[in-house]
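Chemist: Just the structure for this:
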Amino acid sequence: MVTASDHDAVMRSAARVIPDQRARREGSIGQRSKELKRKKALQKLAIGAGGAGAVVIAAMIAGLILNGIGFTGVMIAIGLILLAFVIAAMLPGLPEPTPETIQKADLKTLAGKTEIWLERQRPALPAPAVTLIDGIGTRLDQLSPQLATLGENDPAAQEVRKLVGEYLPDMINGYKSIPEPLRRKDNGGSTPEEQLIGGLRTIDREIETMTGQIARGELDKLATRGRFLELKYDGAGEE
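Modeler: Okay, here's the model as predicted:
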């Protein structure tokens, strides 16, 4: 349970960074999500460049056949080149990650997809939680290189997927499902907002622990810790 002093400390920390958080709400919380977005942007650019190249080649062939395309032809070609880039820019962006797709994501993109999902949740969360979400993004960046040392179906990989694709989304979605007026109302010694903040801090620590255990090759400990978390969260849900 989050104590009053813990909550006050998080609130004070959040107050110092609220201006920065507002500026970053639409930004990336980690390098892995940036890489996925950059890759998609480059794909769109390549499509636009391909269309523009096709227009140039067609214009050159038409010029050879017709002995020139004239000013009007040049302007039409320029318009078609611009249209190719506009159409490419309007193509769909990255698919919206969901908890289900995160659980099934390959280890190479797991951190990035989790970060993108978290970025989409920030507008619905209180400022202290946004601060913690940004920190989790940094933890996921640190975790990602260690995941590359695992096999896709390793038990340790499954434990990581369960943490970021099940426990984390369940916690955030559970908070979002609570009506706004009730989120700061005391419920058994703490408010839903305080419970969310405490849960996010726990997730942050667990990702840090998992990163260290994978780096040290302590995969048996990681599997045991995963079972502990499962019992812990299942027990909390029954209370």
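
Chemist: Just name the shakiest helix or strand of the protein by mean pLDDT.
Modeler: None of the helices or strands of the chain scores lower by mean pLDDT, DSSP states H and E than helix 4-24, at a mean of 42.

Chemist: For the residue located most distally from the centre of the chain, list the residues it contacts.
Modeler: The C-alpha centroid of the chain is most remote from Asn67, which lies 54.0 Å away (CA atoms, centre = their mean). Shown in contact with Asn67 (CB atoms under 8 Å, 6 or more residues apart in numbering): no residues. All C-beta spots, glycine's among them, are computed from the backbone N, C-alpha and C.

Chemist: pLDDT at Lys185, what is it?
Modeler: With respect to pLDDT, Lys185 scores 92.

Chemist: what's the spacing between the residue nearest to Glu96 when sequence neighbours are not counted and Ile133?
Modeler: The shortest distance from Glu96 to any non-neighbouring residue, by CB to CB, 6 or more residues apart in numbering, is to Arg120 (7.2 Å). Remark: distance between Arg120 and Ile133 (CB to CB, to the nearest Å) = 11 Å.

Chemist: neighbour-wise, which of those two wins?
Modeler: Ile133 (22 against 11; other CB atoms under 10 Å).

Chemist: Show the backbone phi and psi for that one.
Modeler: phi -60, psi -40 (degrees, to the nearest 10).

Chemist: Isn't it up against Ile29?
Modeler: Yes: counting by CB atoms under 8 Å, Ile29 is a contact partner of Ile133 at 6.3 Å.

Chemist: what residues do the two have in common as contacts?
Modeler: With CB under 8 Å, 6+ apart, Ile133 and Ile29 have common neighbours Leu118.

Chemist: just to revisit the earlier point, what's the next secondary structure element after the least confident helix or strand of the chain?
Modeler: helix 31-66 (DSSP states H and E).

Chemist: And that following helix, what's buried?
Modeler: Neighbour counts over helix 31-66 (16 or more other CB atoms under 10 Å) mark 31-37, 44, 47-48, 51-52, 55, 59 as buried.

Chemist: Turn the residues you listed into CSV, columns for pLDDT and distance to Ala105.
Modeler: Compiled in CSV, those are given as follows (pLDDT from 0 to 100; distance: CB to CB, whole Å):
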residue, pLDDT, distance to Ala105
Gln31, 94, 17
Arg32, 94, 11
Ser33, 95, 13
Lys34, 95, 17
Glu35, 95, 14
Leu36, 95, 11
Lys37, 94, 16
Lys44, 96, 22
Ile47, 96, 24
Gly48, 96, 28
Gly51, 96, 31
Ala52, 95, 33
Val55, 96, 37
Ala59, 94, 43
